[in-house]
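K.L.:
build me a model from this:
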Amino acid sequence: MKEKSVNYKALVVWILIGFMFGWVTNGIVSAEVSSGEVVTFEDAPADASLSLFWDVWNSLEKSYVETDKLNTQNQIYGAIAGMVNSLGDPYTVFMTPEETNSFHQSLGGELEGIGAELTVKDGLLMVISPLKGSPAEKAGLLPGDYIYMVDGKLTSDMTLFEAIKAIRGAPNTQVELTVVRKDSVEPIIMKITREKINVPSTELTYEGNIAILSVSQFGDSTYAEFEVAVNQLLLKPADGLIIDLRLNGGGYLDTSVEMMSEFFKDKVKAVIVKRRAEDNEVMYTKGNGKLTDIKMAILINEGSASASEILAGAFQDYKRAIIIGTKSFGKGSVQELSSLTDGSSLRMTIAKWYTPNDRSIDHTGITPDTVVEMEPSKIGTEEDIQLQAAIDYLKNL
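P.N.:
Coordinates of the predicted model:
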């Protein structure tokens, strides 16, 4: 009875997976759940054999020695994750309910951990950018660093979200990272104390008559915070504006377009989103912006990704602002988050984005108009020559 019950649950979920991903469409599903029988899907590809899946499932149920590790829900999640991971796209991932909740918290600007945007590149866990003012930044973690081990465990044996889960944790606890850096001969050991991180998306400061708007991410609260900054700029006008997108790992596409709208009088093309089968979409600014005449510079570096590159790329195409810094990360794809019935979710690449001039920056990044090489660790210090270059440029206009 136990064997049939477990197999039945798996069968139902597998059928649902088939419908979810378009593998079962208007077909007839036939199955026999007893051990050794073949499960077939009439519309499955000719070379696909789901009997292999059931053989493995049933073998585990019958003979795996550590029975306490046999968990139907975990096995189902593992099967789905394996199917998604087979695409080899680090931005297309299945997330359990726990991982989904953590993901929403990070976009909401509230999380517990070290505060770093991570990805997988060439099978290795890589830092896109540490959040400004985070424990990761204070410890010296830099964009492009590879995290080789977390607390002595190899990250190559983890999925992206397993690694994120291992790095995150309760405030005032410590995590040890073994970091491999391009220019370092030996691995770097970092012991970082986790904190509760409330990340403000925007911060407006002034350097004389030059306004500096730092944008750390494009999350849930970013646009509302940006509008407050816009109103402050209207009350206290500046001779020029610097938008600092360094170490901004991205976020919502729509938010970057909404922000862009405040700097253009007319409705202009903001980004081209190219989906499969030439189902393309052009997104436009709203027009009637409030800051259409202010002189501008935008700062980017290797930690600027995704939505940051959308904004910087459009401003560069229209020559609305000079781009200063170093080449950006190069993430030119769009992900859509779909919520599933049990609280899990699928984050899936659904399109590639292009600048208004039809430039793709995927894997290549945006090259600044003025290249100023600088270690990211010097951001916000007296040695911040990228910021100084932007200030000098605007003062000389």
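K.L.:
which residues of this structure score low on pLDDT?
P.N.:
1-48, 106-110, 199 (pLDDT under 70).
K.L.:
and the helices in it?
P.N.:
Per DSSP state H, the chain has helices spanning 2-20, 51-63, 72-85, 97-107, 135-139, 160-167, 222-235, 253-261, 307-317, 385-396. These are given in chain order.
K.L.:
check which helices and strands the third one sits against.
P.N.:
In other words, helix 72-85. Using 3 or more Cβ pairs under 8 Å, 6 or more residues apart in numbering; DSSP states H and E as the contact test, the elements touching helix 72-85 are helix 2-20, helix 51-63, strand 93-95. The C-beta positions use only the backbone N, C-alpha and C, and glycine is treated the same way.
K.L.:
which other residues reach stretch 227-243?
P.N.:
Counting by Cβ atoms under 8 Å, 6 or more residues apart in numbering, the neighbours of stretch 227-243 from elsewhere in the structure are 202, 204, 206, 209-213, 215, 262, 290-291, 294-299, 311, 321, 387, 390-391, 394-395, 397.
K.L.:
what comes up buried for it?
P.N.:
Of the residues in stretch 227-243, those scored as buried under the neighbour-count criterion (16 or more other Cβ atoms under 10 Å) are 229, 230, 233, 238, 240, 241, 242, 243.
K.L.:
kindly present those residues as a markdown table, with separate columns for distance to residue 275.
P.N.:
Conversion of these to a markdown table gives the following (distance: Cβ to Cβ, whole Å):
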| residue | distance to residue 275 |
| --- | --- |
| 229 | 33 |
| 230 | 32 |
| 233 | 36 |
| 238 | 39 |
| 240 | 38 |
| 241 | 34 |
| 242 | 34 |
| 243 | 29 |
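K.L.:
so what's residue 217 closest to, chain neighbours aside?
P.N.:
Nearest-residue entry for residue 217: residue 251, 4.9 Å, with adjacent residues in sequence omitted and distances by Cβ to Cβ, 6 or more residues apart in numbering.
K.L.:
scratch that, residue 310
P.N.:
residue 256 (4.7 Å).
K.L.:
ok, that neighbour - contacts?
P.N.:
For residue 256, counting by Cβ under 8 Å, 6+ apart, the contacting residues are 218, 270, 271, 307, 308, 310, 311.
K.L.:
of all the strand elements in this protein, which one is longest?
P.N.:
Of all the elements of type strand in the chain, the one with the most residues (DSSP state E) is strand 345-354.
K.L.:
quick one: that one to helix 307-317, angle?
P.N.:
If you take axes from the mean of the first three to the mean of the last three Cα atoms, to 10 degrees, strand 345-354 sits at 10 degrees to helix 307-317.
K.L.:
and the strands in the stretch 101-250 of the chain?
P.N.:
Read by DSSP state E, counting those that start in this stretch, the stretch 101-250 of the chain holds these strands, from start to end of the chain: 110-113, 116-121, 124-130, 146-150, 153-154, 174-180, 188-193, 195-198, 202-207, 210-215, 240-244.
K.L.:
hmm, I typed the wrong one, I wanted the stretch 251-397 of the chain.
P.N.:
269-274, 280-284, 296-300, 322-325, 333-339, 345-354, 370-371.
K.L.:
could you list the paired strands of the third one along with their orientation?
P.N.:
To tie it back to what came earlier, the one meant is strand 296-300. Paired neighbours of strand 296-300 in the sheet (DSSP bridges): strand 240-244 (parallel), strand 322-325 (parallel).
K.L.:
and stretch 65-78, how far out from the chain middle?
P.N.:
29 Å (Cα atoms, centre = their mean, to the nearest Å).
K.L.:
now that stretch - C-alpha only, CSV.
P.N.:
Once side chains and other backbone atoms are set aside, the C-alpha atoms of stretch 65-78 remain, and they are given as CSV (Å, rounded to 0.1, in the frame of the first residue of the first chain):
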residue,chain,number,x,y,z
VAL,A,65,19.1,2.3,3.1
GLU,A,66,18.5,5.6,4.9
THR,A,67,14.7,5.5,4.8
ASP,A,68,14.4,8.7,6.9
LYS,A,69,15.8,10.6,4.0
LEU,A,70,13.1,9.5,1.6
ASN,A,71,10.8,12.5,1.5
THR,A,72,8.2,12.6,-1.2
GLN,A,73,8.0,16.4,-1.3
ASN,A,74,11.7,16.9,-1.4
GLN,A,75,12.0,14.3,-4.2
ILE,A,76,9.4,16.1,-6.2
TYR,A,77,11.1,19.4,-5.7
GLY,A,78,14.4,17.8,-6.7
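K.L.:
just the buried positions in it, please.
P.N.:
Taking 16+ other Cβ under 10 Å as the neighbour-count basis, stretch 65-78 is seen to contain the buried residues 75, 76, 77.
K.L.:
please work out how many residues are found near residue 221.
P.N.:
Residue 221 has 17 neighbours, counted by other Cβ atoms under 10 Å.
K.L.:
thought it was touching residue 201?
P.N.:
Yes. Residue 221 lies in contact with residue 201 (Cβ atoms under 8 Å); the separation is 5.7 Å.
K.L.:
what's the most buried one of the strands of the stretch 101-250 of the chain?
P.N.:
Of those, the one with the most neighbours on average (mean count of other Cβ atoms under 10 Å) is strand 240-244, at a mean of 25.
K.L.:
which residues does the residue lying closest to residue 294 once chain neighbours are set aside bridge with?
P.N.:
Excluding the flanking residues, the one nearest residue 294 by Cβ to Cβ, 6+ apart is residue 241, at 5.0 Å. As for beta bridges, residue 241 partners with residue 211, residue 296 under DSSP bridges.
K.L.:
what is the nearest residue to residue 338 once chain neighbours are set aside paired to in the beta sheet?
P.N.:
By the measure of Cβ to Cβ, 6+ apart, the closest residue to residue 338 outside its immediate chain neighbours is residue 346, 4.8 Å from it. For residue 346, the residues forming beta bridges with it (DSSP bridges) are residue 94, residue 338.
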